[in-house]
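Here is my input; please provide its structure:
(chains A and B)
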Amino acid sequence: GENVEQHPSTLSVQEGDSAVIKCTYSDSASNYFPWYEQELGKRPQLIIDIRSNVGEKKDQRIAVTLNKTAKHFSLHITETQPEDSAVYFCAASRTSGTYKYIFGTGTRLKVLA
Amino acid sequence: KAGVTQTPRYLIKTRGQQVTLSCSPISGHRSVSWYQQTPGQGLQFLFEYFSETQRNKGNFPGRFSGRQFSNSRSEMNVSTLELGDSALYLCASSLGGIAETQYFGPGTRLLVL
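Down below sits the predicted model:
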């Protein structure tokens, strides 16, 4: 069946460094790719998303890139801060056919002060 | 607008019992999805409802069921609880179009003893 692979499962970076999380999807019909941040004990919150008609999207320190040919997309966080420490989930969905919303297994990001 | 709400927030049950969880979506949202979140498995899709109809179902046993009411509120039921059902159950709502942004509730933490 369709799945989304997410790497790495854990990531530690020094404050101020960049963090990159990568996801690969299998459903070629996927065309919507959101990223969620989940702080400990809280609900997942959307931080950025991208649709298949664009290759990159930025929002301040966060960016997402999409390579539809290779079926992978990545989250980039620059100038990381300790408060960025959380679990990040990628997801893939499509706008046609059977409803599908598949999440990656999550990346635990630790930003060390 | 008020966010997605879930009740109860915490629940303790024993094996063999059944449980019903409730989710109230954001006003105007017609789609409600349910997910099971466990430390090792990430976010697993249970099912999604739109206009009182189940549009898709994940790979969970028939003990897991749900429904949606005309006001878009949704309930999830788990019968004959097993220890492995202990998890955080999250619901998410969206406007209803496929591949639209989902907004999560705070979750119901279920512990099965």
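
Identify each buried residue in stretch B:8-18, please.
With burial defined by 16 or more other Cβ atoms under 10 Å in any protein chain shown, the residues of stretch B:8-18 counted as buried are B:Lys13. The C-beta positions use only the backbone N, C-alpha and C, and glycine is treated the same way.

distance between the ends of it?
End-to-end span of stretch B:8-18 (Cα to Cα, to the nearest Å): 14 Å.

Same check on stretch A:42-61?
Stretch A:42-61 end-to-end distance (Cα to Cα) = 22 Å.

Could you do stretch B:61-77 as well?
12 Å.

close to chain A, is that stretch?
No. Remark: stretch B:61-77 sits outside contact range of chain A, by Cβ under 8 Å from any Cβ of the partner chain, the gap being at least 13.4 Å.

Give me the contacts around that stretch.
Stretch B:61-77 is contacted from outside by B:18-25, B:29-30, B:32, B:34, B:46-47, B:49-54, B:78-80, B:89, B:91, B:93, using Cβ atoms under 8 Å, 6 or more residues apart in numbering or on different chains.

what mean pLDDT would you report for it?
Mean pLDDT, stretch B:61-77: 97.

Out of the contacts of stretch B:61-77, list just those in helices.
Using DSSP state H, no member of the contacts of stretch B:61-77 falls in helices.

From these, list the ones also adjacent to chain A.
Residues of the contacts of stretch B:61-77 in contact with chain A (Cβ under 8 Å from any Cβ): B:Phe50.

Now, of the contacts of stretch B:61-77, which are buried?
Counted by 16+ other Cβ under 10 Å, those give B:19, B:21-25, B:29-30, B:32, B:34, B:46-47, B:49-50, B:78, B:89, B:91, B:93 as buried.

Tell me which of the contacts of stretch B:61-77 fall in strands.
Here DSSP state E is the test, and the contacts of stretch B:61-77 give B:19-24, B:32, B:34, B:46-47, B:49-50, B:53-54, B:78, B:89, B:91, B:93 as lying in strands.
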